[in-house]
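**Q** model the structure of this input:
(chains A, B and C)
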Amino acid sequence: MKIDEISNLLHGGDYNPDQWLEYPEILDDDIELMKEAGVNVVTLGVFSWSSLEPEEGVFTFEWLDNIMDRLYENGIYVILSTPSAARPPWLAKKYPEIMRGNFMDGQRMPFGGRENHCESSEIWREKVRIIDEKLAQHYSHHPALIMWHLSNEMHGLCFCENCAVNFRKWLKNKYGTIDELNKQYWTAFWSRRFTGFDEINPPVRFGERQLHGQVIDYMRFYSDLHIDFLEAEKEIVKKYNPDIPVTTNMFMQHHTVKINYHKMAKSLDITSYDSYPMWHLGKDKTSEWKTAVWASMRFDFMRALKSKPFYLMESVPSAPNHFEFCKLKRPKMHMLSSMLAVSSGADSIQYFQWRKSLGATEKFHGAVIDHDGSSDTRVFRDVREVGAKLKEMSYLKGQKSKADVAVIFDWENMIALFEQQNLRKDKELFDKIPRAHYEAILKNYVNIDVIGVDSDFSGYKVISAPMLYMFKDGVADKIRRFVENGGSFVLTHYSGLVNENDLCFHGTRRNPAFAPHGLNDVFGLRVNEIDALCDDEFNEISYEDKTFKAINFCELTENLGAKTLARYEHDFYAGLDAATENEYGGGKAYYLACNTDDDFLYEFYKHVIDHSGIPRIVDSGYVKDIMVKERAGRKFIMNFSTEKRRIGVDGEMIELEGYEYVIIESSLKKSYQEGKI
Amino acid sequence: MKIDEISNLLHGGDYNPDQWLEYPEILDDDIELMKEAGVNVVTLGVFSWSSLEPEEGVFTFEWLDNIMDRLYENGIYVILSTPSAARPPWLAKKYPEIMRGNFMDGQRMPFGGRENHCESSEIWREKVRIIDEKLAQHYSHHPALIMWHLSNEMHGLCFCENCAVNFRKWLKNKYGTIDELNKQYWTAFWSRRFTGFDEINPPVRFGERQLHGQVIDYMRFYSDLHIDFLEAEKEIVKKYNPDIPVTTNMFMQHHTVKINYHKMAKSLDITSYDSYPMWHLGKDKTSEWKTAVWASMRFDFMRALKSKPFYLMESVPSAPNHFEFCKLKRPKMHMLSSMLAVSSGADSIQYFQWRKSLGATEKFHGAVIDHDGSSDTRVFRDVREVGAKLKEMSYLKGQKSKADVAVIFDWENMIALFEQQNLRKDKELFDKIPRAHYEAILKNYVNIDVIGVDSDFSGYKVISAPMLYMFKDGVADKIRRFVENGGSFVLTHYSGLVNENDLCFHGTRRNPAFAPHGLNDVFGLRVNEIDALCDDEFNEISYEDKTFKAINFCELTENLGAKTLARYEHDFYAGLDAATENEYGGGKAYYLACNTDDDFLYEFYKHVIDHSGIPRIVDSGYVKDIMVKERAGRKFIMNFSTEKRRIGVDGEMIELEGYEYVIIESSLKKSYQEGKI
Amino acid sequence: MKIDEISNLLHGGDYNPDQWLEYPEILDDDIELMKEAGVNVVTLGVFSWSSLEPEEGVFTFEWLDNIMDRLYENGIYVILSTPSAARPPWLAKKYPEIMRGNFMDGQRMPFGGRENHCESSEIWREKVRIIDEKLAQHYSHHPALIMWHLSNEMHGLCFCENCAVNFRKWLKNKYGTIDELNKQYWTAFWSRRFTGFDEINPPVRFGERQLHGQVIDYMRFYSDLHIDFLEAEKEIVKKYNPDIPVTTNMFMQHHTVKINYHKMAKSLDITSYDSYPMWHLGKDKTSEWKTAVWASMRFDFMRALKSKPFYLMESVPSAPNHFEFCKLKRPKMHMLSSMLAVSSGADSIQYFQWRKSLGATEKFHGAVIDHDGSSDTRVFRDVREVGAKLKEMSYLKGQKSKADVAVIFDWENMIALFEQQNLRKDKELFDKIPRAHYEAILKNYVNIDVIGVDSDFSGYKVISAPMLYMFKDGVADKIRRFVENGGSFVLTHYSGLVNENDLCFHGTRRNPAFAPHGLNDVFGLRVNEIDALCDDEFNEISYEDKTFKAINFCELTENLGAKTLARYEHDFYAGLDAATENEYGGGKAYYLACNTDDDFLYEFYKHVIDHSGIPRIVDSGYVKDIMVKERAGRKFIMNFSTEKRRIGVDGEMIELEGYEYVIIESSLKKSYQEGKI
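**A** Predicted structure coming up:
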């Protein structure tokens, strides 16, 4: 079956029967319970290497043959994983070079863990090639197979000598000459001018971490190496059946991932995402709004990567076991959180994992079937209910959402922000501030794409770029053209300071250069200084007769013609512009010179969206804890409060109990069905 | 003199004259002051290796001969230590392999510290054998010698290659086949199936720490290695005079020790303990109750190890120097804390150390004689007073206490709790929760034994097993039989989840298996889910018209016939049982599904003890800060408040000033004297 | 030009044209802007090695020739730095041994960073010698050159094998015999008696850090090694022109530096200091008093080092980028903080750096010229204003201040306090407590020298020695003689406990020895015990009808004849003396047995100074936030509040707006001018 031809949304999860081969009754239970739960897909083979090649060159696929046949007979499709996320002990023992060099001094680390191979190791790549080829030969045309899942949650860095060699080649390719590298890294500072590429090492802790250009280049290099490895796996499996799509599961639990997903997505037919929001762990136990925003932003990122539906490859039906406090999912939350994913563009709800392991790391990580083995559990009933619901929603399969607004959350910009020596050391801000902007827009009840700086701007009416610190070549022009052509662009403090190598822009006395780089005329202002406020400090800004808080960063601006939206109220820069609007070409350029409280951001984006002519999904101001998304002409109204909420939709007042949602057909539905959107 | 024939309790401490050989006046002072302080025993030779064998093969025992003779002449007995807790620099320099491999990557560490030798090193063992043999030959029949003190505060782990080799042997011996190990460690998870024992390494930080079964096996292996080393030392000293008993000093300052003391105690004739409670450091400066409970629990553990009196081998007469704040012991506290030890079964009060060192690590650690050298000090007077008091209490020598109640605080269970990936990451809880149960029972004024899961259950009427996470083979049956035979058994949340290798118990759809493993019928309930609460959260439970807090962990139970004692009041599991009682056989099985506040635990154990028919030592409800213990028919009533307290004892009202105690003879005294108890 | 012949104060900073050689317009701007800003000196060549010797043996001085000539032509002097603070990558690659061994296990670290060379490496020293010699030959007689700046911010430790060898030699030289070392380190403790110097290693983390005598010896050894390295550089540059003075820039951002500056200053002609106070970061945003005290104390230390003016070699005109929050300097603060330096004895105001770097570590560290390149900035105007002001103040050039009061802040004492196992573990106290004493004296409006224990005591009327833990040989006698001769000496808790090797003083029963060592008669008391209070605790002391807080440490004193100033009010030592005064010889010996709140310290030093006959600079009690200093007969009255303040000076009421200052000529001015002071 081709995956696109499956008419239903998918429901399933990681299935690891190789952990249970000695328990035939368990394997029987699995099939039976999957069918009951409305499971129509499972992911096999993640971490199965030691079951597939127990000794070097000895392949044991019989168990997998058997499982795949049985699944197929029972109407369950298979996503098959290459096993490269972890290797058997025998492989690490025989070829120690496949393990990574540590971040302290680059010395090789011993066997253990997962997703921790040196992608520079030729032996490692060869061993992966062999097992992948065997799998591809064997299963490429199995009728159950609908997708290849390459490796698993790829991430991390190796600092070994083999990587050093490859890094130097990568640098040579990027810079051409060592002089150009020296210029970009500003190595004259602290006497670090290199005379040859062979003097450059991976940025280990005991070595050099303060040439920021080098540090972010190392992260780019390693991201490219991951993608190169992925491409190699892809090539092998495609050789045997090019019609089977490939994916890999991305994850963004932390501030930054270690891979440029915008680049990686190009190598994938379908993007997949592992979502682990921290439900029920916020201070306010009556509202999951903030957590839902966090999850929603990542979903909107994943969907926008290829501008089409993504797969929710991993989620957990109740509590995971890696949080500080592993709280059970409250009743109705599993359904609600699944609807959030679906409304955001997920074509599947999948779990890690189907059945809880009995030992090792994640033995207490929530699964569909618990250690008790029973189906008489709250979790199993919750999962079954989602399965049934998904069956009703086949109209969404393959349908994307339309977004007029985009928020830029760019990988290269993020790693540069994180690695530089910032004016405030609380790096959480670089994650929080873009999310605060996303949230403020979301409260305006419009769909949003979360994009990179290299993404196509042309489809959007409003683009917001919070803390776009790095202006790679062409970015300033791209913004200028977007505004010229009628778009509304929001830029903030800490933007346009450095080029792609973390090298600051600069001017001369007679040709001074102020931030935002190259765009003073577009925004009608210049930035003279950046003030970093302490955590216990704030300024205030006045906007439309109300006063809001300015926090964290306050830039001292100089107005070059922009219309003032808000001014600072206090301190020696009282009266300077804190928020401005500037007409340029056919569009508008907005500048926020400070970070602010959430209330101001909401009002600010209300103003921006009001003036951009973008229709809201529902014609209502933000109702606390109510999230609204539209997909394929259906409006999803979701209540992330534990309490009852009311919201007006299409002239009617809708009431939702705690953690309830409703799906409403919009006038757009027909347009979607007719393929007009 | 045989130690058992000494009619008095012992009073003394670690004496290190080898630090003072150049100061003869000091050595003279020592003897004089010891006699004044009522000291009748000193421990010699801990850390004396470099004084006994200054160069390889050159032995200088003259100074020790001289000291031992002088002590004997002055009526002071000697406990002589083997010097294996620290080695001279020359030894580490010549044989670097005697030092341990570090926890990051297993590389050998340089010379330094103490108690940090690789117990796998054959050279190390040979060098210890030689010095021990020399000492034993020389001193085994010295009239001052009453006990051998083997090494000192043994603990810690080595991660070197020699240990790796021994670990593999240990594993082979335990599991027989690598298949069995793979099954128990659940190595199919993350593709870690081993093909041979030689693929397994010590669990270093840069390697593998997530196969929990392996991690706890490594701790077991190293505990066995420590005990094996201890046995080797014991064999040598016993060869020359089997009548001299051996001990080693245990310590439990931290959550867990690194050695299975229940196993180690079997190798000792007498158990010894180093006690360092954090007196005066709690938030409430008017009450030392919580600290006294901490100390008392460890004393009750040490006494129960061999079910006979233990030696308080180390304590400090005033402030130690390893705490965050080193507060002086307040007036009367040294006496009170010493009485706590004696009432709990200590046959000695000993100090580390007699005289403060002038340099290095512990130069500010409290000692009997301070740097000033004076006897005109508060500390010396306090010590002298304890010495005089102990002389009056010879009736206690060799007398044990009788306890009808036991609390299980099991080493293997503790290390498994600590090493697993728990549903809450605050590991302090695994120490606090068992102590909270112990405290609640202690407030009911009964004697308590703190035991292991392998201890004999038969002598007890009530056994409490807080968080008995690990059910080794036979444990479930042992509990069942205990209840059948009329005992009251208390089990709590987070119990009966894994076998001895941290492998979860499991069931199938038609034979589901719920916690507590194998005992659903005994307790009349099953556990469906475990909810981990955040630190700022609580539920409430109702019990006998009062409401108490439920915190940390709340299990969602399903009643299978038990009598409800308390129910949850809030959240989606309101109404479910939080505490139950079930009649089974001739006994009662109690289950606490959540951790609670101290008040509930007190009420709960009041109920349990009331119904078990155990007599209280004093017929009174808990009076704040008053601790009561009974030893050999004497009731010790101790006031750990700075304020006056009153308590009814045997029909009479007793008033105690702050930090005062009283000893009352009970009707049992005669039974003890006649050997009936 | 000889530096002493320059009649003006200097104004300028680190200038790194080697970062800008490809930007000739920038270099033109620089000269023009420097002249506008009143810059008359720049420091060249710090970190220029890779520009001066791009390949081994290839020297490229042309760019520097050119810059120096142009500067000279424009009336700007040059301080030329040797480039030994950082080395080119080619050097580290060819000779890895020049990098340091890490603190964990001593293994060699890879290339990176700065000020991190192994000063024991002969190759390193030879390479430095060659480049220094080339520079000295070339520039020693350049007319712009006024001073050599040797290396940069020297600090830190290497733990490699080469250093181990040198350390052993250093120890042999200090102790002569291993027996003496054993005695001083008290190695009998924990069996660490060394049989030869070759058994002693650098104190790495994985090795031995608990022989405190050894740890502080290692810091002394490395300090000596730094100074020896400095001397070697000095010898080279002096060879070519002995008239050019040498300096190096010291810094004291952290609690302790790693070099004995009192010793190092002897190798310098002029001392220089890098000052980075944390302006505007305190809790009270209306007062910079506490930060000003911090800065002032370090200035008074730097001036006192050689008892003559120092150079403020580095400061920042606005925000640095290494703080948690990098706040802009508020208006008027740059002038005020510069005046603080000048009033304290600075002969220069210099900046790091002239122009912000475009890349790497400090690209956001405040500079005179920002990335924008503009002179139309608040910072440039602030700097220009300071430049103009300094020009008016040439009367101060070369003039020192006179201080009657000294505070002892001794390096060896500090490192010993930090490295020992203290009775409280909050090591911040060892920095805070001496500063609190300094502050209390400063509030009494007298000039203060901050000195070492080896400094000459003879010029002072009052000396305060907070926490003088270490009494090196002769210190007790020196204090005794100072008091005998009429001085007032203040000593506190935690004083006179150990000798220079952290070995405690001790007595015998018949000759007991109590702290403060050897001075019981001078102070008229003895210390019996030290109580360490928790952070949430305090005692109280009564003094002149008022009550103050006693915190952190409270010693239990025994009065031997002193006059009581204050007594403890609570706890079991209520009634014991907390502060005493004792007449001895012609002077007074004061003892503070506890740390107290700031209010008591102010009252206490008011009493001490009142009775010492020292005149105040202004005849006023402390006015909140007003700092007063006197230099060369000028009174600097500085308001560190954001609010208006009034203070009486010479009978007149002076009003100062926020952050304003005034300079008033005193009657002493003439005496200074006539060289009488």
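
**Q** what packs against whichever strand or helix holds A:Ile79?
**A** In this assignment (DSSP states H and E), A:Ile79 forms part of strand A:77-81. Under the contact criterion of 3 or more CB pairs under 8 Å, 6 or more residues apart in numbering or on different chains; DSSP states H and E, strand A:77-81 touches strand A:41-44, helix A:62-73, strand A:145-149. Placement of C-beta: from N, CA and C, glycine included.

**Q** next one: that strand to chain centre, how far?
**A** Put simply, strand A:77-81 sits 23 Å off its chain's centre (CA atoms, centre = their mean, to the nearest Å).

**Q** do stretch A:282-292 as well
**A** Remark: stretch A:282-292 is offset 21 Å from the chain centroid, using CA atoms, centre = their mean.

**Q** need the contact list for A:Ile227.
**A** With contact taken as CB atoms under 8 Å, 6 or more residues apart in numbering or on different chains, A:Ile227 is in contact with A:Ile259, A:Asn260, A:Lys263, A:Met264, A:Ser267.

**Q** mind checking which helix or strand it is in?
**A** Applying DSSP H and E as the criterion places A:Ile227 in helix A:212-240.

**Q** downstream of that helix, the next helix or strand is which one?
**A** With DSSP H and E, the next secondary element past helix A:212-240 is strand A:246-247.

**Q** paired strands for the following helix or strand past that following strand, with orientation please.
**A** The helix or strand immediately downstream of strand A:246-247 is strand A:249-251, counting by DSSP H and E. The strands that strand A:249-251 pairs with in its sheet are strand A:272-274 (parallel) (by DSSP bridges).

**Q** before we move on, the earlier item: deepest-packed of the helices and strands packed on strand A:77-81, please.
**A** When the helices and strands packed on strand A:77-81 are scored by mean count of other CB atoms under 10 Å in any protein chain shown, the highest mean neighbour count falls to strand A:41-44 (a mean of 26).

**Q** so what touches that one?
**A** Applying CB under 8 Å, 6+ apart, the contact partners of strand A:41-44 are A:10-17, A:34, A:64, A:67-68, A:71, A:76-81, A:146, A:149, A:313, A:348, A:350, A:354.

**Q** how about residues contacting the helix or strand following it?
**A** Scanning forward in sequence from strand A:41-44 by DSSP H and E, the next helix or strand is helix A:49-52. Helix A:49-52 is contacted from outside by A:18, A:21, A:45, A:59-61, A:63-64, A:83-84, A:86-89, A:91, A:131, A:134-135, B:187-188, B:191-193, using CB under 8 Å, 6+ apart.

**Q** report the beta-bridge partners for the nearest residue to A:Ala341 once chain neighbours are set aside.
**A** Residue nearest to A:Ala341 in three dimensions, not counting chain neighbours: A:Leu312, with 4.8 Å by CB to CB, 6 or more residues apart in numbering or on different chains. Judged by DSSP bridges, the bridge partners of A:Leu312 are A:Tyr273, A:Ile349.

**Q** can you tell me the SS state at the residue of the stretch 351-500 of chain A found nearest chain B?
**A** The stretch 351-500 of chain A approaches chain B most closely through A:Gly359 (2.7 Å), counting by CB to the nearest CB. On the three-state scheme (DSSP: H, G, I helix; E, B strand; the rest coil), A:Gly359 is labelled coil.

**Q** would you agree it is in contact with B:Glu500?
**A** No - checked against CB atoms under 8 Å, the pair A:Gly359 and B:Glu500 is beyond contact range at 11.9 Å.

**Q** more neighbours, those two?
**A** Using other CB atoms under 10 Å in any protein chain shown, the more surrounded residue of A:Gly359 and B:Glu500 is A:Gly359, with 25 against 18.

**Q** now for the residue nearest to A:Ala341, how many residues are close by?
**A** The tally of other residues near A:Leu312 (other CB under 10 Å) stands at 29.

**Q** before we move on, what about A:Thr177?
**A** Burial measure for A:Thr177: 10 neighbouring residues, criterion other CB under 10 Å.

**Q** shouldn't A:Gly12 be within a helix?
**A** No - under three-state DSSP, A:Gly12 sits outside any helix and is assigned strand.

**Q** that one and A:Val39 touch, don't they?
**A** Yes - the pair A:Gly12 / A:Val39 is scored as a contact, 4.5 Å apart, by CB under 8 Å.

**Q** dump the residue contacts of the residue of the stretch 451-600 of chain A found nearest chain B.
**A** Nearest residue of the stretch 451-600 of chain A to chain B, counting by CB to the nearest CB: A:Asp535, 20.3 Å away. Applying CB under 8 Å, 6+ apart, one finds that A:Asp535 lies in contact with A:Asp426, C:Phe325.

**Q** looking at this, it is in a helix?
**A** No - counting by three-state DSSP, A:Asp535 is not found in a helix; it is coil.
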